[in-house]
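Asks: let me see the structure of the following:
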Amino acid sequence: MQGVTKRSEEYGDVELAERPEPRARPGTVVLRTAAAGICGTDLHIYRNEYAVTPPVVMGHEVCGHVEEVGEGVDQGLLGRRVVAETFFSTCGACPFCRNGRPNLCARRRSIGSHVDGAMAPRVEVPAVNLHVPPESASDAAASLAEPLACVTNSMYGAAQYIEAGDEVLVVGPGAIGQLAAQVARLQGGHVTLRGAGSDDGRLAVAERLGFATSRVGDELEADRFDVVIECSGASAGYADALRFAGKGGHLAQMGLSGKDSTLPMDLVCLKELTITSGFASVPRSWTRAMRLMHSGELELETLVSDTVPLSGWREAFERSFDAAGIKYVIDPRLDG
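Replies: Numbers count the residues shown, from 1 in each chain. This next block holds a predicted model:
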C-alpha cells in the first residue's frame, strides 16, 4: 500500500511511498482510513523539527472503520466507525504511565511518528484506543477528536483555569486555537482570537463563530486578559501572550515552534504569571473530548477547509504551510 511517508531525517524527504500492509495483531485492530487530518506536528515532521523513526507513514488524527480485529479483540467492533488515541505503545510501568500520563512515558511510541500512521488506506491501532464519534459528525470532522483531546488535556488539569466572566485571549487561529476558543467559551470565558496578517481567512471563520478577533498590529490593552492561551507556536505569538496577560494571570502554552525562541521572560516574574501546558493527550482528556463532541456544543464542520485524496497530499501540505485554511484532511478512499 502507499502512504505519505517521512523517508529519512532529511528536510522535506516526504513522498507517497510503498509501505507494508498492516495486519491486526493480538490486542489491535486495522482501520480503513476515512479521514486523516494534517496536524501542525506533521508540518514539523516534514521540516525535521519533531523526532520520528523513519521511514514512517505520517498522520495521527484519524477516523476510520474497523476492518480487521486481532486475537482477543471484540468481533463486534468490525465495521464500526471510530476515532483513535495516538499512542501505539508505552512501557505501562513508569510513574507517568501509572498515573494516567502516558504522554510523558520515555518509551512512548505513537502512530504517525514511531509506527506507521493514518495517511494511508489502512492503519493498525490498539483496540483500547478506540472511541465512537457522534453519528452527526462527518468523517473529516470526527478526525478532529484528536486535536480536541489535546486541547482538553491542556485546559482541564487539576483544576479548570478559566472562570465564568474571564477575559480570554487565544493566540493563533489554526485548528487548535479555534477549538481552544470554543472550549474556553463553554467554560464561561469572553474570548478574543488573535492572528497574524496572513490569518485573515482563519479569523473570518472565528468571526462567523461569534468570536471577537484581533490581528498583529491591532492595538490591544497590555495586561488586559485573565487567561492567554498560546496556540501559534510563533515567537511573536509567545511574546504577545506574555505582553497581554494580566497581572496574576494564567498563560497556557499549546503551540510548538520546533526551535528556540528569545522572549521577554521577565514578564513572568513581574506579573506573577502562572504558566501551564499540555503535551498531546491522555485517556482522561479523550473522555472529556468525546463528551464535548457528543454534546453538540462544538462547531467542527466549519473548521474543515478541504478534504483531498491521498494523491493530493502535497498540495494539502503546501496549503497548510501557507495557513490558507484551518484543517486539511486526507481521505484515501477518494483515490478510488
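Asks: let's see the pLDDT reported for the residue nearest to the spatial centre of the chain.
Replies: With distances taken as C-alpha atoms, centre = their mean, residue 147 lies nearest the centre of the chain, 2.8 Å away. At residue 147, the pLDDT value in this model is 98.
Asks: the nearest residue to residue 164 once chain neighbours are set aside and residue 160: what is the separation?
Replies: Excluding the flanking residues, the one nearest residue 164 by C-beta to C-beta, 6 or more residues apart in numbering is residue 188, at 3.2 Å. In short, each C-beta sits where N, CA and C put it, glycine included. Distance of residue 188 to residue 160, computed by C-beta to C-beta, to the nearest Å: 9 Å.
Asks: could you chop this structure up by domain?
Replies: According to automatic domain parsing, the chain comprises the domains 2-144+300-335, 151-277.
Asks: how distant is the last one from the center of its chain?
Replies: If I follow you right, that is domain 151-277. Counting by C-alpha atoms, centre = their mean, to the nearest Å, domain 151-277 is centred 16 Å from the centre of its parent chain.
Asks: average pLDDT for that domain, rounded please.
Replies: Across domain 151-277, pLDDT averages out at 93.
Asks: repeat that for the first one.
Replies: Here domain 2-144+300-335 scores 97 as its mean pLDDT.
Asks: distance from the centroid: which residue in the protein tops it?
Replies: Here, in the chain (C-alpha atoms, centre = their mean), the farthest residue from the centre turns out to be residue 270, at 31.9 Å.
Asks: can you tell me, leaving aside adjacent residues, what's nearest to residue 271?
Replies: That would be residue 247: by C-beta to C-beta, 6+ apart, it lies 4.7 Å from residue 271.
Asks: how about that neighbour, what does it touch?
Replies: 223, 271, 272 (C-beta atoms under 8 Å, 6 or more residues apart in numbering).
Asks: is it located within a helix, as I assumed?
Replies: No: counting by DSSP: H, G, I helix; E, B strand; the rest coil, residue 247 is not part of a helix but strand.
Asks: from residue 89, how far out is it?
Replies: 44 Å.
Asks: residue 280 too?
Replies: Residue 280 is 14 Å from residue 89, by C-beta to C-beta.
Asks: the more surrounded of the two?
Replies: More crowded of residue 280 and residue 89, by other C-beta atoms under 10 Å: residue 280, with 20 against 14.
Asks: returning to that earlier point: let me have the contacts of residue 247 in JSON lines, extended by distance to residue 132, secondary structure and neighbour count.
Replies: Formatted as JSON lines, the contacts of residue 247 follow (distance: C-beta to C-beta, whole Å; DSSP: H, G, I helix; E, B strand; the rest coil; neighbours: other C-beta atoms under 10 Å):
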{"residue": "223", "distance to residue 132": "44", "secondary structure": "coil", "neighbour count": "13"}
{"residue": "271", "distance to residue 132": "43", "secondary structure": "coil", "neighbour count": "18"}
{"residue": "272", "distance to residue 132": "44", "secondary structure": "coil", "neighbour count": "10"}
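Asks: let me know the closest of those to residue 21.
Replies: Among the contacts of residue 247, residue 271 lies closest to residue 21 (C-beta to C-beta), at 54.6 Å.
Asks: the closest one contacts residue 244, correct?
Replies: No: counting by C-beta atoms under 8 Å, residue 271 does not reach residue 244; the two are 10.5 Å apart.
Asks: what do those two both touch?
Replies: By C-beta under 8 Å, 6+ apart, the residues touching both residue 271 and residue 244 are residue 223.
Asks: count the residues that sit near residue 329.
Replies: Quick note: residue 329 (other C-beta under 10 Å) scores 24 neighbours.
Asks: mind checking how far residue 62 is from residue 222?
Replies: For residue 62, the distance to residue 222 - C-beta to C-beta - is 41 Å.
Asks: sorry, that was for residue 50
Replies: For residue 50, the distance to residue 222 - C-beta to C-beta - is 33 Å.
Asks: these two: which has the busier surroundings?
Replies: residue 50 (16 against 13).
Asks: can you classify the more buried one as helix, strand or coil?
Replies: coil.
Asks: so who does it touch?
Replies: Counting by C-beta under 8 Å, 6+ apart, residue 50 touches 41, 44, 113, 256, 258.
Asks: which among these end up buried?
Replies: 41, 44, 113, 256 (16 or more other C-beta atoms under 10 Å).
Asks: which secondary structure element contains the second one?
Replies: Looking back up the chat, that one is residue 44. Element membership for residue 44 (DSSP states H and E) is helix 40-46.
Asks: to residue 289, which of the domains of the chain lies closest?
Replies: Closest approach to residue 289 among these (C-beta to C-beta): domain 151-277, 5.0 Å.
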